[in-house]
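Novice: from the sequence below, what's the structure:
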Amino acid sequence: MYKRTSSVLDPKDGSVVYVRSLEWLNRLAEKGRGKKLMIVAPKSLSGRKLADESWSMVCHAHPKREFVLLHNMLNEDIDAPPHSIHPSATIAPCAIVGAEGLNTVLSQDNKLISMKHMGNVVIEEGASIGSLSVIARAVFGSTTIGAYTHIGNRCSIGHGATLGRNVIVAPNATIGGSVRIGDGCFIGMGAVVNNWCKLCRGVIIGSGAVVTKDITGPGKYVGVPAKWVGEWKGEW
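Specialist: From the prediction side, this is the model:
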């Protein structure tokens with residue numbers, strides 16, 4: 001009997017996980033081997049050979065909806081863990097730490113249902129959060145703001161995002177859910193980093209740019225979608 005849910009990024013033994021595509025199923029193979037898992041997946045993955053014999057898979061026409069309903073039921077009476085904020089971190093007035101991000105599905109009776117967020121927010125040593133910025137609580141695990149990272153005013157940091165050390169996020173920037181940003185990056189004013197994108201260390205994103213895929217090489221990126229335009233020596 002499975003009594004909890006977990007994420008593809010950090011699957012827990014004896015849990016139910018949601019997989020939305022073959023890419024996600026391959027991600028699960030990286031960290032889920034040797035763990036007893038029930039996979040909720042789309043019908044397009046029906047009959048797919050699984051990477052581990054201890055896994056089982058149920059395919060649905062609406063897999064995310066089925067997973068969210070099960071997740072909410074299993075976690076109905078469970079409290080999310082408290083946030084971890086280093087004493088040296090600075091949080092400006094009107095900043096919100098721990099809001100629930102936007103993760104919804106449409107029920108069978110045509111009503112939006114929000115997925116309960118069971119993670120927390122971790123703000124490390126020397127980090128600062130600007131006024132009116134929102135740091136969303138993770139669905140699973142933690143949304144992490146690395147040491148000495150600075151978030152400007154009116155920024156949005158999505159659930160489960162991880163920002164490394166010495167990152168600067170300029171005002172009005174939006175960081176999507178489950179984004180990974182390496183150490184020493186700069187995200188310009190009004191820039192957007194889409195959900196699940198990964199940025200290596202030493203990347204500068206120009207004002208108003210939109211990152212739509214992983215960035216694996218340091219440098220300056222501008223435009224929509226963001227493209228490499230030159231080297232960056234790490235000086236602001």
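Novice: elements contacting the helix or strand residue 40 falls within?
Specialist: Following DSSP states H and E, one finds residue 40 within strand 37-42. Where contact means 3 or more CB pairs under 8 Å, 6 or more residues apart in numbering; DSSP states H and E, strand 37-42 is packed against strand 15-18, helix 22-31, strand 55-60, helix 63-74. All C-beta atoms are positioned from the backbone trio N, CA, C, and that covers glycine.
Novice: excluding chain neighbours, what is closest to residue 108?
Specialist: residue 65 (7.8 Å; CB to CB, 6 or more residues apart in numbering).
Novice: neighbours around that neighbour, how many?
Specialist: 17 (other CB atoms under 10 Å).
Novice: quick one: residues contacting it.
Specialist: Contacts for residue 65 (CB atoms under 8 Å, 6 or more residues apart in numbering) come out as 105, 106, 107, 108, 113.
Novice: how about the contacts made by the residue sitting nearest the centre point of the chain?
Specialist: In the chain, the residue lying closest to the centroid (CA atoms, centre = their mean) is residue 178, at 1.6 Å. With CB under 8 Å, 6+ apart as the criterion, the residues that contact residue 178 are 9, 158, 159, 160, 161, 195, 196.
Novice: ok, now with 10 Å
Specialist: Residue 178 sits next to 7-9, 138-141, 143, 158-162, 195-198 when contact means CB atoms under 10 Å, 6 or more residues apart in numbering.
Novice: could you find the closest non-adjacent residue to residue 93?
Specialist: Closest to residue 93 by CB to CB, 6+ apart is residue 131, at 5.7 Å.
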